[in-house]
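Colleague: Got a sequence here, can you model it:
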Amino acid sequence: MRRAVVLGGSIAGLLAARVLSDHADEVLVLERDDIAPSGIFGSGQGPRPGVKQGAQMHALLDGGRRKIDQWLPNFAADLIADGAALADTGRDLHTYVGGRRKVLVDGVEMISATRPFLEAHLRRRVLSLGNLHLVHGRVCGLAFEGGRVSGVRYTGTFTDARDEVVLDADLVVDATGRRSRIGDWLKEGGWPEPETRSMRVDLGYTTALFRRPEGGHDTTLAQSLSTTPDGRLRLSTLGRVEGDRWIVLMAGYADDRPGRGSDEFLLRCKEDPAAAFRQLTEDGELIGEPASYRHRDNLRRDFHLLDRFPAGLLAIGDVLASFNPIYGQGMSSAAMHASCLAAYLKSGHSLQDPAWAYFKDARAVVDDAWQTSTRNDLRLPHVTGPRPRGFKVASRISDLVDRASVTDPVIHRRCLAVTQMLTPAKTLMRPGTLVRAAWAVRRQDA
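Modeller: Below is the predicted model:
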C-alpha cells in the first residue's frame, strides 16, 4: 500500500496503525483530540474528551496483553516498570462470589493501570514509528471511486466545517468507536449500511481513586460478585495502579446503579460482602470525587451479513461490537481485531476486493465475546432482549461451572482462560469439564 488512513487514535486505532505500518509506505491516524506527544492528552495527564469512560477502571486481559507484546515487544514490561500492576488472576485476583472467595490457582496474568496511563504508553510507542503520522481533525465522510473507498473527507478541528480536505488512501480503517457514523457514510456513497443489533442492559458504574498509605493492605486485585434480593447483580472491583494508588469500581443495574457522591460510594464499599472493600474505607484515602458512567446497551454491527460492501474499507474495535464493560473485553477485543487485520494483510487478498475474509475472522472474535457478555446479561431480570434457542439449558450449565469454580482449581483455571480471552467460551461446554463441574458441586452439597 502507498497510504493507509486510520480514523480514530484510541486503543483500537493505534493497534490498527501499528499493524498497517508493516504493510503501507505511510499510515495516517486522523483524530479529533489533541493526542500528539506534546499535547495535554498525548502526555496521558487525564482522560480524553473522546473517551467518555476514560476515568473508569480498565484492565488489559492476558489475551490482549500477549497480542500487543507481539507487535510492541516489552510493552507490558515497560508498563510495569513505570508503575502498572501485573497480577496473576488465579492468585492475586481475590474473587468473591456472595462473600466466598474462590480457590487459589496458578492463573494467567493481567495488567492493572488507569486508561490514560496505558493509552499514553501505547500512543508513544506507536507514534514513534517512522512511517506513521498523526493528523488532527474531524471525519466528515468517505470518498468513493467506482466500487471502493478511495479516501477520507475531513476538516481541521478548529476550522470551518466547509473547509473539507480529502486524504487519498488505499485502505481506510474505521476505529471511531461505538457511535461511528459508518452506516451514514456508506449510505451517502450508495452502499447498504450494516444491520445493527443492540441489547439494553442499563448498567451504571462509578470509579474512584484511593491513595494507598504505608502499612495498608497490599491487595493487588479483588473482585466481588453479589446479588440484590430481587436478583440483580452487583459488581465491585479493586486494582492497584500506577502512582501507588488503588482504583475501585462499583457497578449495578437499573435503579441499583451507584450514585455519584463520595459518601454513597464509601457506603457501598462498607456494605460489600468482601472484606477487601470494607477495609479500603479504613486504610485508603479517597482522591478527588468519584466519576460515574452509564452503559445503556450492548451493540454490534453485522458487516458479514451484507451482500455488498466497498473495497478499501474495514472496521475495528467498538465499531464492530461494544460489550458490557464489566467483563473488561474492550481493549483485548480490539487487539484481537488487529490480529485479524494482520492475518488479512498477510494473506495476499487484493485490496481491490471487499475485505470479506477480514470480517469473517473478526466475526469469530465478536461472537465469542458477545456470547460471554450477553449470556450473563440475559440472566438479569430487567434485561428483556430475546433469549437465543437453548438459553435455559446454557444458563444451567453456566451456573454449574460457576459454582464448581469456587472450590475446584481445574475448573477455576479453565474459567480464567475464558474470561482472560485466551480460549473460546465453548471450551467450558466440553463433556470432561461438565462432568468434573458436576462432581465438584456434588461435593460442595455433601
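Colleague: Against residue 380, how distant is residue 227?
Modeller: Distance of residue 227 to residue 380, computed by CB to CB, to the nearest Å: 10 Å. C-beta: built from backbone N, CA, C; applies to glycine.
Colleague: wouldn't residue 428 be in contact with residue 401 here?
Modeller: Yes. Counting by CB atoms under 8 Å, residue 428 does reach residue 401; the two are 5.4 Å apart.
Colleague: what touches both of those two?
Modeller: Listed contacts common to residue 428 and residue 401 are residue 415; contacts here mean CB atoms under 8 Å, 6 or more residues apart in numbering.
Colleague: Between residue 227 and residue 380, which contacts overlap?
Modeller: residue 233.
Colleague: So between the two, which is more surrounded?
Modeller: For residue 227 versus residue 380, neighbours defined as other CB atoms under 10 Å are more numerous around residue 380 (18 against 12).
Colleague: how about the more buried one, phi and psi?
Modeller: Per-residue torsions, residue 380: phi -80, psi 140 (degrees, to the nearest 10).
Colleague: go on, residue 348?
Modeller: phi 90, psi 10.
Colleague: Can you report how many residues lie near it?
Modeller: 6.
Colleague: again, but for residue 63
Modeller: 23.
Colleague: For it, pull up the helix or strand it's in.
Modeller: helix 62-71 (DSSP states H and E).
Colleague: cool, and residue 440?
Modeller: Assigned by DSSP H and E, residue 440 falls in helix 431-445.
Colleague: Off-centre distance for stretch 384-391?
Modeller: 24 Å (CA atoms, centre = their mean, to the nearest Å).
Colleague: do stretch 389-402 as well
Modeller: 24 Å.
Colleague: Give me the contacts around that stretch.
Modeller: Counting by CB under 8 Å, 6+ apart, 97, 375-376, 378-379, 411, 415, 428-429, 433-434, 437-438, 441 sit against stretch 389-402.
Colleague: go again using 7 Å as the cut-off
Modeller: 375, 378-379, 411, 415, 428-429, 433-434, 437-438, 441 (CB atoms under 7 Å, 6 or more residues apart in numbering).
Colleague: Give me the below-cutoff pLDDT ranges for the stretch 301-446 of the chain.
Modeller: By pLDDT under 70, the stretch 301-446 of the chain contains no weakly predicted segment.
Colleague: Would you map the helices across it?
Modeller: 330-346, 356-377, 391-407, 409-419, 431-445 (DSSP state H, counting those that start in this stretch).
Colleague: Residue 321: which of these is closest?
Modeller: Smallest distance to residue 321 across those (CB to CB): 4.5 Å, for helix 356-377.
Colleague: and the residue nearest the centre of the chain, what does it touch?
Modeller: Centroid-nearest residue in the chain, with CA atoms, centre = their mean: residue 330, separated by 1.2 Å. By CB under 7 Å, 6+ apart, residue 330 lies in contact with 318, 323.
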